[in-house]
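Enquirer: Build me a structure from this.
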Amino acid sequence: MNPSSSGWIKKFGSLAITKTASFTDAVLWYEDMAHWGLVYGIPWDVPMGLDLPHQPTADERCKVLMIYGFWTSYHWIHPDRDFDQMVDALNEYYTALGQDKKTILGRLGFPNDPYGQLEATLESRLFPNQGFVLGALGQSVINIWLFQDLLAWIAYLEGEKDTLTFRKQLEINCFGLLQQLIGNSGVWEKIKPQLIHGTQWITKELLLGQELPESPISVQSELPLNARYMVDFCLFAYLTQVKKTPWWTVETWGQEVDIDPTYLSERYKAQVKWLEEHRAFIDHGWEGLFGVQFYDRVKEWTQKLILRNSKRLIKELEGSGELLILLSKSTHKELNPKEKKKVQEQLLDIFKSIPSLAIFLLPGGALLLPMVVKLIPKLLPSAFDENRIDKDPNG
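Expert: Predicted coordinates for the structure are as follows:
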């Protein structure tokens, strides 16, 4: 089975591994998904019996584990149904999410092959509209939010009526919980852009400055499987990104979000053990779970782009008094959501007139606007602070 060639999902369905029942309940299934790394967005290997012809890449492992996770969960919920029925149900599920993709023949008006359609959809889930940001930097980032597709799939199979709202809320709650755990750490502002980049539905709200709920999210109110994932998601980010990871910080967070202390300690130890077993693979295979170095390179790249066009940018900014006032205000005071939206809209209008900056209008470009807003006053101080005293480069 070659997961990079067409027909691989149908081939998967013919393998012996899909003919036997693997799991009988959600916990066993989840622990298997965690073992292979899909829960953490780090698929380090795949189960035996998948008959891969070569050493798979990270992207290929992710695709294979996704279909493996979809099938094994489907089989435990509907043990009397076959693989073909699962493929049809999965296409219907992604249609409900608005994420289904047609094959080339399907786009030309021919009947869509269910297997080909599912292959196209999974490919798009691994590589969503990442736009010029990743393309310009030559990056291939595993989508750390991908496992949530499987959790929403299980809810869909168990009768969830509004799958789209369910999936959106799961994403928002995960982001909110992680913010509550590490929002006060120095790493939060670095990983936040990459976190947002990986999301499907909360990006727009965050870019426009709308705040997440201030009151702590109660994990107890979540479905058991979702709660387990949300706790693991946050603990894993904490352990991989925060240099000093004292237990008392996690313990306090657990009390705020209503997690049983014994259960939290159990999950914490499980994360530590997994990291100890796979630390070398992570260190050599990824730059960190949420791409802190990725953020640094994007910031550097954006800064160079603004500097190269600084004269033209200043000229355009001088013609927009209101924008200058708001940008100046942003250097010493947090803008409200309405002001942030106005700044971003006016900046986009200016970028339309500067060819080199028009890339911010392409898919993915809007993700860099908050970064641009912070960079402009620092890179172009004379336009915002006439009394600024520049340091002597020799002193």
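Enquirer: Look up how far G7 lies from the residue nearest the centre of the chain.
Expert: What sits nearest the mean C-alpha location of the chain, by Cα atoms, centre = their mean, is G198, with 2.2 Å. According to Cβ to Cβ, to the nearest Å, G198 and G7 sit 29 Å apart. (C-beta placed from N, C-alpha, C; glycine too.)
Enquirer: ok, back up a step: tell me the pLDDT at the residue nearest to the centre of the chain?
Expert: G198 is assigned 71 on the pLDDT scale.
Enquirer: likewise Q85?
Expert: 95.
Enquirer: before we move on, which element is it in?
Expert: Per DSSP states H and E: Q85 is located in helix 83-97.
Enquirer: Check L375 too.
Expert: According to DSSP H and E, L375 maps onto helix 369-379.
Enquirer: what do you get for R228?
Expert: Applying DSSP H and E, one finds R228 within helix 224-241.
Enquirer: tell me what that helix is packed against?
Expert: The helices and strands touching helix 224-241, judged by 3 or more Cβ pairs under 8 Å, 6 or more residues apart in numbering; DSSP states H and E, are helix 26-35, helix 147-157, helix 163-182, helix 247-256, helix 261-285.
Enquirer: Looking at these, which one is packed in the most?
Expert: Ranked by mean neighbour count, these are led by helix 147-157 with a mean of 22 (mean count of other Cβ atoms under 10 Å).
Enquirer: Please work out which residues outside it touch it.
Expert: By Cβ atoms under 8 Å, 6 or more residues apart in numbering, the surrounding residues in contact with helix 147-157 are 26, 33, 38-39, 41, 66, 69-70, 73-74, 77-78, 89-90, 93, 96-97, 125, 160, 163, 166-167, 170-171, 174, 223, 225-226, 229.
Enquirer: Now a PyMOL select for only the buried ones of the residues you listed.
Expert: Only the buried entries of those go into this PyMOL selection, using 16 or more other Cβ atoms under 10 Å:
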select buried, resi 26+33+38+39+41+66+69+70+73+74+89+90+93+96+97+125+160+163+166+167+170+171+174+223+225+226+229
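Enquirer: Walk me through the domains of this structure.
Expert: 8-285, 292-383 (automatic domain parsing).
Enquirer: Am I right that the residue nearest to the centre of the chain is in contact with E171?
Expert: No: in this structure G198 lies outside contact range of E171 using Cβ atoms under 8 Å: 9.4 Å.
Enquirer: what residues do these two have in common as contacts?
Expert: Here G198 and E171 have W145 as joint contacts, going by Cβ under 8 Å, 6+ apart.
Enquirer: any weak-confidence spans in the stretch 101-250 of the chain?
Expert: For the stretch 101-250 of the chain, the stretches with pLDDT under 70 are 102-111, 127-143, 197, 203-215.
Enquirer: Swap in 80 and give it another go.
Expert: Applying pLDDT under 80 to the stretch 101-250 of the chain flags the ranges 101-112, 126-144, 184-186, 189-217, 243-244.
Enquirer: quick one: E266 from D59, how far?
Expert: From E266 to D59 the distance is 32 Å (Cβ to Cβ).
Enquirer: same deal with I202?
Expert: From I202 to D59 the distance is 24 Å (Cβ to Cβ).
Enquirer: Look at these two and report which has more neighbours.
Expert: Remark: of I202 and D59, I202 carries more neighbours, 19 against 16, as counted by other Cβ atoms under 10 Å.
Enquirer: Return the residues in contact with the more buried one.
Expert: I202 makes contacts with K168, E171, I172, F175, I196, as judged by Cβ under 8 Å, 6+ apart.
Enquirer: How much space separates it from S265?
Expert: Note on I202: its distance to S265, by Cβ to Cβ, is 30 Å.
Enquirer: L38 now?
Expert: Note on L38: its distance to S265, by Cβ to Cβ, is 24 Å.
Enquirer: For V372, which residues are in contact?
Expert: Shown in contact with V372 (Cβ under 8 Å, 6+ apart): T302, I306, L347, F360.
Enquirer: Can you say which two of those residues are spatially most distant?
Expert: Using Cβ to Cβ, these span at most 12.5 Å, a distance reached by T302 and L347.
Enquirer: These two: who's more crowded?
Expert: Neighbour totals were compared for T302 and L347, and L347 leads with 22 against 18 (other Cβ under 10 Å).
Enquirer: Report the separation between the more buried one and E189.
Expert: Distance from L347 to E189, by Cβ to Cβ: 20 Å.
Enquirer: same question, V272
Expert: Going from V272 to E189 by Cβ to Cβ gives 25 Å.
Enquirer: Distance to K342 for the contacts of I202 - can I get that in CSV?
Expert: Output for those, formatted as CSV (distance: Cβ to Cβ, whole Å):
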residue, distance to K342
K168, 26
E171, 27
I172, 25
F175, 25
I196, 20
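Enquirer: Return the closest of those residues with respect to K244.
Expert: Nearest member of the contacts of I202 to K244, counting by Cβ to Cβ, is F175, at 22.8 Å.
Enquirer: Now that closest one: closest residue in space, sequence neighbours ignored.
Expert: Among residues not flanking F175 along the chain, I202 sits closest, at 6.0 Å (Cβ to Cβ, 6 or more residues apart in numbering).
Enquirer: What's the separation between the one you found and V272?
Expert: Distance of I202 to V272, given as Cβ to Cβ: 29 Å.
Enquirer: what's the answer for P216, then?
Expert: In terms of Cβ to Cβ, P216 sits 24 Å off from V272.
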